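> okay, structure incoming, though there's no sequence with it:
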Ligand SMILES: Nc1ncnc2c1ncn2[C@@H]1O[C@H](COP(=O)(O)OP(=O)(O)OP(=O)(O)O)[C@@H](O)[C@H]1O
């Protein structure tokens, strides 16, 4: 398990991380979200020892992370770090060799990953000739090539086309299935909502929300339903108990419920009053939860 434990960091007297505490469990994809400048990259850099924390610690299975345990980490930094004048294959073999993988095995793994992630490059193309998305795939492979025990990825999905997003998502899910804790930052909230087992939302260096999307949804406030009833006065919903009308448009009424039980009562009332054409729960998306959490 990867744990951030009371991590604090200031730059020039300005607090950037404030008592940051959360765990990424084995087999879990953890989505690390937050507005620009919230501190995500700083937290990841601290985990990898690129930047030191002022207080607190990052732990791997309970022990403070050190140079030795960091060799188990796979890291995709925000500032991509590939050698422009090498081919993807040579580069990946080189990274694998740095991590102690034997030459033949390094070449096998590099070729297999290039194939699997669909890196589009001629055999002699240097990295600088690749499109940004293909460079990004190579960067992800560089984080994976030594079979890491934990993955820390800074915006791995930014700039990828939908097919590449699916390929990368598939790889991360498989890593999680194999028991690897995976934490990645992203502003693509629909993707985070779709993929992640748990999500943390950072605001001004503090984790202001953490949990599964369902937990965050419940914590975000009352449920809503959308209901459309024909052959009834437009004001039918205004006298309902246990619900408040949020919007009425084109025969569709949006209600905020005091409890989940109220939904059944409302449906029964609506059926007694007229012809129910549509009745459905309107769930907050991660985007709504995020805006609420960061106070936007
Ligand atoms: N080396 C540094 N020196 C001074 N300030 C820094 C340094 N690194 C980061 N910061 C500041 O720390 C704050 C957090 O930055 P960080 O890059 O961690 O945020 P982020 O959540 O990753 O943002 P984004 O989503 O824009 O990538 C920002 O205000 C940034 O300017």
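That came in fine, so what should we check first? Since the model is a prediction, treat every value here as computed from it, not as a measurement.
> switch to C-alpha atoms for all contacts and neighbour counts from now on
OK.
> list the buried residues for the helix or strand that contains residue 104?
Per DSSP states H and E: residue 104 is located in helix 103-116. Neighbour counts using 16 or more other Cα atoms under 10 Å place 106, 107, 109, 110, 111, 113, 114 of helix 103-116 among the buried residues.
> pretty sure the fifth one contacts residue 89?
Yes: shown here, residue 111 and residue 89 form a contact pair, counting by Cα atoms under 8 Å, at 6.7 Å.
> which residue packs closest to residue 69, ignoring adjacent ones?
residue 60 (7.5 Å; Cα to Cα, 6 or more residues apart in numbering).
> where does the stretch 1-150 of the chain come near the ligand, residue by residue?
11, 16, 34, 35, 36, 37, 38, 39, 40, 41, 42 (Cα under 6 Å from any ligand atom).
> packing partners of the helix or strand following the helix holding residue 104?
Next helix or strand after helix 103-116 toward the C-terminus (DSSP H and E): helix 132-144. Where contact means 3 or more Cα pairs under 8 Å, 6 or more residues apart in numbering; DSSP states H and E, helix 132-144 is packed against strand 73-76, helix 88-98, helix 103-116.
> given the next helix or strand after helix 132-144, what are its sheet partners and their directions?
Next helix or strand after helix 132-144 toward the C-terminus (DSSP H and E): strand 150-154. Next to strand 150-154 in the sheet, as set by DSSP bridges, lie strand 73-76 (parallel), strand 182-185 (parallel).
> for residue 153, give its distance to the ligand.
Going from residue 153 to the ligand by Cα to the nearest ligand atom, to the nearest Å gives 11 Å.
> quick one, what contacts that residue?
Contacts for residue 153 (Cα atoms under 8 Å, 6 or more residues apart in numbering) come out as 44, 74, 75, 76, 77, 182, 183, 184, 185.
> and it, bridged to which residues?
With DSSP bridges as the rule, residue 153 is bridged to residue 76, residue 184.
> make 321 the starting number, not 1.
Happy to do that; since the first residue is 321 now, the last one works out to residue 473.
> write the PyMOL selection for whichever of the residues of the stretch 321-470 of the chain next to the ligand are buried.
Only the buried entries of these go into this PyMOL selection, using 16+ other Cα under 10 Å:
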select buried, resi 336+354+355+358+359+360+361+362
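> among the residues of the stretch 321-470 of the chain next to the ligand, which lie within strands?
Counting by DSSP state E, these place 331, 336, 354 in strands.
> hey, where'd the strands end up in the stretch 471-616 of the chain?
502-505, 518-523, 526-531, 544-550, 563-569, 572-577, 595-602 (DSSP state E, counting those that start in this stretch).
> who touches the shortest one?
Counting by Cα under 8 Å, 6+ apart, strand 502-505 makes contact with 344, 347-353, 360-361, 470-476, 492, 495-496, all of which sit outside it.
> cutoff 7 Å now
344, 348-353, 360, 470-475, 496 (Cα atoms under 7 Å, 6 or more residues apart in numbering).
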